[in-house]
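J.: sequence and predicted structure, then a few things I'm wondering about:
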Amino acid sequence: MTDQSAPDREEEFAIFHNLESEVRSYCRRFPVVFATARGAQLFARDGTAYLDFLMGCSSLNYGHNPPELKSALADYIAADGITHGLDLYSEAKESFLREFNETILGPRQLDYVIQFPGPTGANAVEAALKLARKITGRSNIIAFTNGFHGATLGALSCTGNRYHRAAAGQLLGGVTRLPYDGYFGPAVDTADYLDRLLSDPSGGVDAPAAVIVETVQGEGGLNVAGTEWLRKVAAIAQRHGALLIVDDIQAGVGRTDAFFSFEAAGLRPDIVTMAKSISGYGLPMALVLVDRQLDKWEPGEHNGTFRGNCHAFVTARAALEHFWRTDSLAASVMEKGNLLKSRLEQIAQKYDPNRASAKGRGMMRGIDLKSGEVAGEVVRTAFQNGLIVETSGPKDEVVKCLPPLIIGEGQLNQGLDILQDAIDSVMGNAVNTAA
Ligand SMILES: *Cc1c(COP(=O)(O)O)cnc(C)c1O
């Protein structure tokens, strides 16, 4: 248990408070100094253990310090394996490419080439947008309400969130925002709306270079696009000469069950962006998968010093070998996703649907508490009881559970017990105060 009111806490954080910019954010919610981590747990300097349902925002799908990845990396470092090599050919990259091809692309019959942009998700999105614009000669991009695609200017133009957009300090252009699946409730098919606007010469939407979409909106509040909607959007994009970019940075790498989140819908995107859990070890790494026919890049046209992080190649390769050569991980994600779903529904059902509802897909699920204040209080309470879990959504009203995919059912239930108690105590109190 942490006691944030203890008088000596301020001293403990002095170096951060004095020297680190006010831009810091997650640490404000979880004010302890972390030292080590293993599996589903983070340990504070004083030894306090926390269950981690944030996992670097889905950057650590295989848990903290997964042993198979750790030993591969330790061996590589011990042998003086090259650490930084721009985009030179390296054995580490060679092994990663071979494994990715044999384990992921080949079995799915996906004929993509792989671009290594700078090592962040935003950089992968920037590269995808630039390529789509270059290929089509068009500049407009269709992005959806509540989409989150990163914080650099091009990616930010596609991001919906007003707070993040405002930080740009300049006009964000080149994007037409359209409603995501379910934005107006189940009665309105927003794919039809997209098609109508693009088909109407006076619809006012410039012909798009690409449609960029998340299958599940992680930061946007765990909104799930339906299979039919996704297929329709893909067909509409194709009909109107726009490329389909699936941003799989958060929902990919098994988070929703299969390796790619769009497999369930049978999509075949023109471009796919990946980052977060692709290295499997929390090391910075991003990929852009590009349909082989669309690889119109000239050498170095999109570059960056840290294209191709060799340590990340080593852990990414080990992750594919250990977790993706069979479909057992995907099956267990499905199972644990169902457990997560039924427990979150149980929690929500205790309350009026206007106050709590479960949402999400796979092991990317949460509970919409309809109020950022309530959700924030729940997250604070859960933290005091040993669970790290964050909020998402336009008002930070959705408590978002991203447990590691490898978590045991015991720890999953334990975390959900803490969450349930936190919700009951906060929501119960809210009822009492209202009465
Ligand atoms: C996190 C995220 C990004 C941005 O990735 P960064 O590594 O933070 O730049 C882009 N798209 C989605 C869907 C994300 O979840």
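T.: Thanks, I have the structure now.
J.: show me what contacts A151?
T.: Each residue near A151 by Cβ atoms under 8 Å, 6 or more residues apart in numbering is listed here: 122, 159, 164, 167. (Each C-beta comes from the backbone N, C-alpha and C, glycine too.)
J.: isn't there a helix covering it?
T.: No. Secondary structure assignment (DSSP: H, G, I helix; E, B strand; the rest coil) places A151 in coil, not in a helix.
J.: now the two most distant members of the contacts of A151.
T.: A122 and A167 (13.1 Å; Cβ to Cβ).
J.: neighbour count for the two, which is higher?
T.: More crowded of A122 and A167, by other Cβ atoms under 10 Å: A122, with 22 against 11.
J.: grab the nearest non-local neighbour of the most centrally placed residue in the chain.
T.: Taking Cα atoms, centre = their mean as the criterion, Q250 is the residue nearest the geometric centre of the chain, at 1.8 Å. The shortest distance from Q250 to any non-neighbouring residue, by Cβ to Cβ, 6 or more residues apart in numbering, is to G218 (3.7 Å).
J.: ditto for L267
T.: A234 (5.4 Å).
J.: so what's the residue count around that neighbour?
T.: 22.
J.: what about it, helix or strand, and which?
T.: Using DSSP states H and E, A234 sits within helix 227-239.
J.: again, but for Y50
T.: Per DSSP H and E, Y50 falls inside strand 49-52.
J.: for the residue in the stretch 301-435 of the chain that the ligand sits nearest to, name its beta-bridge partners.
T.: Of all residues in the stretch 301-435 of the chain, the one sitting closest to the ligand is S392 (9.6 Å; Cβ to the nearest ligand atom). Counting by DSSP bridges, S392 forms beta bridges with V398.
J.: and it, how many residues sit next to it?
T.: Count around S392 with other Cβ under 10 Å applied: 26.
J.: I figured it was touching L222, is that so?
T.: Yes. Shown here, S392 and L222 form a contact pair, counting by Cβ atoms under 8 Å, at 6.6 Å.
J.: which neighbours do those two share?
T.: 366, 398, 400.
J.: wait, is the first one part of a strand?
T.: Think G366. Yes. With three-state DSSP as the criterion, G366 is part of a strand.
J.: burial check on it, number of neighbours?
T.: Other residues close to G366 by other Cβ under 10 Å number 28.
J.: which phi and psi does the nearest residue to it once chain neighbours are set aside have?
T.: Ranked by Cβ to Cβ, 6+ apart and with sequence neighbours excluded, the top spatial neighbour of G366 is K400, at 4.2 Å. Listed backbone geometry of K400 is phi -110, psi 120, with angles given as degrees, to the nearest 10.
J.: rewinding a little: residues in contact with the residue nearest to L267?
T.: 244, 267-269.
J.: so how far is L243 from it?
T.: Using Cβ to Cβ, to the nearest Å, A234 is found at 10 Å from L243.
J.: so what's the residue nearest to K276 when sequence neighbours are not counted up against?
T.: Take K276 and drop its neighbours on the chain: the residue closest to it by Cβ to Cβ, 6+ apart is S59, 4.4 Å away. By Cβ under 8 Å, 6+ apart, the contact set of S59 is 276-277, 282.
J.: repeat for S21
T.: S21 neighbours (Cβ under 8 Å, 6+ apart): none.
J.: for it, give me the pLDDT.
T.: We have a pLDDT of 96 for S21.
J.: so it: helix, strand or coil?
T.: Strictly by three-state DSSP, S21 counts as coil.
J.: leaving out the residues flanking it, which one is nearest to the residue of the stretch 1-150 of the chain found nearest the ligand?
T.: The ligand sits closest to G121 of the stretch 1-150 of the chain, with a gap of 2.1 Å, by Cβ to the nearest ligand atom. Leaving aside its chain neighbours, G121 sits nearest to A275 (3.6 Å; criterion: Cβ to Cβ, 6+ apart).
J.: burial count for that neighbour?
T.: Count around A275 with other Cβ under 10 Å applied: 29.
J.: isn't it right next to V288, touching?
T.: No. Look at A275 against V288 with Cβ under 8 Å: they stay out of range, at 9.7 Å.
J.: please enumerate the shared neighbours of those two.
T.: What both A275 and V288 touch, as defined by Cβ under 8 Å, 6+ apart, is the set A124.
J.: so for F306, what's the pLDDT?
T.: Reported pLDDT for F306: 94.
J.: for R9, same thing?
T.: 75.
J.: same deal with R317?
T.: Reported pLDDT for R317: 98.
J.: other SSEs contacting whichever helix or strand it is part of?
T.: According to DSSP H and E, R317 maps onto helix 310-323. Contacting helix 310-323 under the criterion 3 or more Cβ pairs under 8 Å, 6 or more residues apart in numbering; DSSP states H and E are the following elements: helix 67-78, helix 91-99.
J.: no further questions, thank you.
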